[in-house]
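In: compute the structure for the input listed below.
(2 chains, ligands or ions: 1)
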Amino acid sequence: MIRQLALTVALSLSIGGCASTSAKPALDEVASTVKSRSGHSLRKGADGADDKEAERAIDGLLARPLTADAAVQVALLLSPHLRAKLEELSIARADYVQAGLLKNPVLGIGKTAWDAEHIDPNLFMTVEQDFLDAVTIPLRKRVAATELEATKLSVADEVLALAAETRTAFYEAQAAEAVAAMRALVDDAAHTAADIARSQHGAGNMNDLSLTNELGLAAQTGLERKRAAVASAVARETLNKHMGTWGKRAGWKLAAKLPDVPPSEPSLERLESRAIADRLDVAAARRNVQAMGYTLSLAKTTRWTGMVSVAVEAGRLRGSERISFGPSVSLEIPLFDQRQAQIAKLEAYHRRAEQNLEALAVDVRADVRAARARMLASRTIVEDYAKGVIPLRENNVRYSQEMYDAMLLGVYQLIQSKQAEYDAYREYIEAVRDYWIARSDLERAVGGRLGTDGAPRASTAPSGPSTNPAAGPSAAPPTSSPSHSNH
Amino acid sequence: MASLARVVIAYLLLMVLARSAAAQTAPLPYVPVVTPNGSTLPFVMNRGVKEFRLTAEPVKREFAKGMVVNAWGYNGSTPGPTIEAVEGDRVRIFVTNKLPERTSVHWHGIFLPNGMDGVAGLNQPHIEKNETYVYEFTLRQNGVFMYHPHSDEMVQMALGMMGFFVIHPKVAPTPKVDRHFLVMLHEWYVEPGTATPNPNVMTDFNLFTFNSRVWPGTDPWVVKKGERVQFSFGNLSMDSHPIHVHGYAFEEVGTDGGPVPRSARRPETTVNVPVGATRTVEMVANEEGDWAFHCHKSHHTMNAMSHEIPNMIGVPQPTSLEQKVRSLLPGYMAMGENGMGNMMEMGRPRNTLPMMTGDGPFGPVEMGGMFTILKVRAGITSYADPGWYKHPEGTLPRNLGVLPSSSR
Ligand SMILES: [Cu+2]
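Out: Predicted coordinates:
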């Protein structure tokens, strides 16, 4: 009996004692997931350690005209938001290690008091250990391991979310800068027209009314210019927030031109089932369901046993050479609390986790459809601008110039035609921006990059109608299976 | 089938040409009129009646090189061919309607039975599409008259449907008139860059034509020195046109009401041709040269122009400002500060003529619209364009260059 007990305790101690609190393996796993999903890297150095390589990479990326990919990479290497998020891995890892630790034994030492009157006080010692704690360690570790897996998935998902937000912020900033440039050109044109009008007025060829009209137009385009400039500055700062850049590092320049809309889209079939299969937050939600299941079964297993505490008492009677041992057990009697409330609560938690998973899956499917619709609509709008509005506006300028040359059109109308062309360019820029943001949202919704080669990266399993929105084509485990190699 | 049709048409055409040629080889009892950039309608004698055939139809009219207008006219032309006959003739005129809408022909100024007057609805039914009507009457007067539609008149005249009807006196006048030019005055609105006249415009016209041509598309009027010349102007436009000759004075000798009595004639250099009238002036061409002949409303000697562009005359547009515009519009050139001449060969919409154009021997003529050249030459044997006048020694102004201010 004693031997068995000692063995169990020793085994438990050995299990609990060897687990490292380092989050490095979890971080590496998240980094590799992020890399495979987004193509971007995280810092190698864990725990915020100095990472010279990352710092060099950041400065290199910021030195060149900034692209969307570069901005995302900077954010992933630099953003304090992101690094704070990564600390959750350390926290979860610590929780996991904690779950594997036995409660410490309780050592008691004292002298028997009731013997004092007729005998010398006896010295004795007790060691008491929570027995149940030791035997349920594997179960608790299973829960904690699952929760760690969920955390890894959730953190990786949030990294991808930050990447998507940074991408959006980048396109907003890039478009805002280009829009401001167009507004400036329109304003320059209006002021040029106003200068000509002033000259015409000064020469006695334009009345006060017409001059007021021209000056008013220029004054208004001036306001639009200022609004666009401040919108551009704000968009820039939003991107700074996402990238975590400040001070000297906030001096980056944007690549001047928004990337062209790719000539074709990858296959947009089965994106919903791909999202359900691939999304890390869906996988994390599945893990949460699993963890709740384990927690519940742990509670059910220990329902009737309650607290079991094993103790050994050691004492030496006065006048005796021998040390006597006296084992003792204390048991909780489930008389009033049979854990029915705790189990009901855990069951509710479990159901809640399942329903959260289902709700998330419904949301994901809707998000995929919405982003897909937005992306396709933005593409046709961009194409309408590129093939319709822009060439028409350019021709309008050309024909206006012809009319002006033939003295059939005044200089003001000619300049207005040019302004309309700039406005069309601005609207085109906004349309291209909307396309890229929609595309980024779709990638976020699907859980990975879409690629431009027309080949879907996703699983190719067929998707059929399903009553369970969370049932992807592979209802099997999430992409990263829990690893126990570090035990 | 199509080729057979073509052969038949060619045969019919040959027949018509042969017949008309035969009819006109006989010496005419009058000096035929000249319709510059136009033609005279052949006739056929049919048992003592002069038969003419008019087809009302859409036509393409080149106003000048580089501009073709979607007009309506007669026998492929606007103005329609000139009908020429002699007082006392009985004429029979077949009118076939190949327009997309109904029409009629009114014989402006001619005395005739009321039923032949051509006011559709009032004197006769409209001539529906593809129908042929025949008008027949005896000519009881002489003078220069016109013909034009009196059915949807506004549209049909705005698109160019009009022509001359000349009735020579039975007895040739003395002194004999050697040369008689007929010039139909008209005005149009063809939006720059388009080809179809807009019949809804009433006052703001942008093209002004002599026989549906504008300078430099107008042929010169060539006269041999010493000839007695008449010019008849017809006006079915919305404005009067004061037609002015250079180097000469003429006398107004007739209207569409008939000859002006000699006692009522007076010398003029400009004959104002009112709307809905003809005016005939006469002069002896005894001074050689290339003499301008034009409407004196200066907008009428311009081609398409806008009447709404900003007035830039005297407006300083320094190079810096011009550069500023050019940074927006690389092709930009400040215009109008010092007038509008000298800059007319830049870009322009297609099917649109320069506002003012045409080259003379000394440089750009900077004209358009109702403008041509009366070319008087001694000893010519043909009325083909004799080229630019060679000025005798000492008959050109001398350029003294830029004089020092003291000697001005
Ligand atoms: Cu005129």
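In: drop to CA atoms for contacts and neighbour counts, all remaining ones
Out: Fine.
In: next up, phi/psi of the most centrally placed residue in chain A, please.
Out: Nearest residue to the geometric centre of chain A (CA atoms, centre = their mean): residue A:158, 1.4 Å. Main-chain torsions, residue A:158, degrees, to the nearest 10: phi -70, psi -30.
In: wait, what's in contact with it?
Out: Residue A:158 makes contact with residue A:85, according to CA atoms under 8 Å, 6 or more residues apart in numbering or on different chains.
In: for the ion, see how far away it is.
Out: Residue A:158 sits 81 Å away from the ion when distances are taken as CA to the ion, to the nearest Å.
In: relative to chain B, how far out is that residue?
Out: Residue A:158 sits 47 Å away from chain B, taking CA to the nearest CA, to the nearest Å as the criterion.
In: could you measure from that residue over to residue A:90?
Out: For residue A:158, the distance to residue A:90 equals 15 Å [CA to CA, to the nearest Å].
In: check residue B:265 too.
Out: Distance of residue B:265 to residue A:90, computed by CA to CA: 118 Å.
In: cool, residue B:233 as well?
Out: Distance, residue B:233 to residue A:90, by CA to CA: 104 Å.
In: ok, the two, which is more surrounded?
Out: The neighbour comparison of residue B:233 against residue A:90 (other CA atoms under 10 Å in any protein chain shown) goes to residue B:233, with 27 against 21.
In: which helix or which strand is home to the more buried one?
Out: Element membership for residue B:233, per DSSP states H and E: strand B:228-235.
In: can you count the residues close to residue B:361?
Out: A count of neighbours around residue B:361, defined by other CA under 10 Å, yields 10.
In: repeat that for the one 10 residues further on.
Out: Here the count is done by other CA under 10 Å, and residue B:371 has 28 residues near it.
In: wait, it touches residue B:215, no?
Out: Yes - using CA atoms under 8 Å, residue B:371 is in contact with residue B:215, at 5.5 Å.
In: joint contacts of the two?
Out: Both residue B:371 and residue B:215 are contacted by residue B:301, under the criterion CA under 8 Å, 6+ apart.
In: quick check: the residue of the stretch 101-250 of chain B nearest the ion.
Out: Residue nearest to the ion within the stretch 101-250 of chain B: residue B:241 (3.7 Å; CA to the ion).
In: one more: the stretch 251-400 of chain A?
Out: Proximity of the stretch 251-400 of chain A to the ion (CA to the ion) peaks at residue A:400, 28.8 Å away.
In: helices or strands up against whichever strand or helix holds residue A:359?
Out: For residue A:359, the element it lies in under DSSP H and E is helix A:340-384. Under the contact definition 3 or more CA pairs under 8 Å, 6 or more residues apart in numbering or on different chains; DSSP states H and E, helix A:340-384 sits against helix A:271-278, helix A:280-301, helix A:411-446.
In: just those: most buried one?
Out: Per residue and on average, the most neighbours among those fall to helix A:271-278, with a mean of 26 (mean count of other CA atoms under 10 Å in any protein chain shown).
In: so for that one, mean pLDDT?
Out: The average pLDDT within helix A:271-278 is 90.
In: what angle sits between that helix and helix A:411-446?
Out: Taking axes from the mean of the first three to the mean of the last three CA atoms, to 10 degrees, one finds that helix A:271-278 is oriented at 50 degrees with respect to helix A:411-446.
In: quick one: helix A:271-278 to helix A:340-384, angle?
Out: Orientation check (the same axes, to 10 degrees): helix A:271-278 against helix A:340-384 gives 140 degrees.
In: any stretches of the chain with poor pLDDT?
Out: Defaulting to chain A. Low-confidence segments of chain A (pLDDT under 70): A:1-19, A:45-50, A:111-123, A:316-320, A:452-487.
In: my bad, the chain I had in mind was chain B
Out: B:1-26, B:340-345, B:406-408.
In: quick check: longest strand of it.
Out: strand B:49-64 (DSSP state E).
In: after that one, next one along is what?
Out: strand B:67-74.
In: packing partners for that next one?
Out: Where contact means 3+ CA pairs under 8 Å, 6+ apart, strand B:67-74 is packed against strand B:49-64.
In: report the angle between the strand it packs on and strand B:67-74.
Out: Angle of strand B:49-64 versus strand B:67-74, following the same axes, to 10 degrees, is 170 degrees.
In: and strand B:49-64, how far from the chain's centre?
Out: Centre-to-centre, strand B:49-64 and its host chain are 14 Å apart (CA atoms, centre = their mean, to the nearest Å).
In: stretch B:43-52 too?
Out: In terms of CA atoms, centre = their mean, the centre of stretch B:43-52 is set 27 Å apart from its chain centre.
In: tell me the residues of the stretch 151-300 of chain B that contact the ion?
Out: B:241, B:295, B:300 (CA under 5 Å from the ion).
In: now with 6 Å, please.
Out: For the stretch 151-300 of chain B, the residues in contact with the ion (CA under 6 Å from the ion) are B:241, B:295, B:297, B:300.
In: pull out the buried residues from those residues.
Out: With burial judged by 16 or more other CA atoms under 10 Å in any protein chain shown, the buried subset of those is B:241, B:295, B:300.
In: beta partners for the first one?
Out: The partner list for residue B:241 in beta bridges (DSSP bridges) reads residue B:273.
In: check the second one too.
Out: Beta-bridge partners of residue B:295, counted by DSSP bridges, are residue B:243.
In: what sits against it?
Out: With CA under 8 Å, 6+ apart, residue B:295 has these contacts: B:241, B:242, B:243, B:244, B:301, B:370, B:371.
In: grab the nearest non-local neighbour of the residue of chain A found nearest the ion.
Out: Nearest residue of chain A to the ion, counting by CA to the ion: residue A:408, 20.2 Å away. If the residues on either side of it in the chain are set aside, residue A:408 comes closest to residue B:306, at 4.7 Å by CA to CA, 6 or more residues apart in numbering or on different chains.
In: ok, so of the residues of the stretch 151-300 of chain B next to the ion, who is nearest the ion?
Out: residue B:241 (3.7 Å).
In: ok, back up a step: closest to residue B:126 out of the helices and strands packed on helix A:340-384?
Out: Taking CA to CA, helix A:411-446 is the member of the helices and strands packed on helix A:340-384 nearest to residue B:126, at 45.8 Å.
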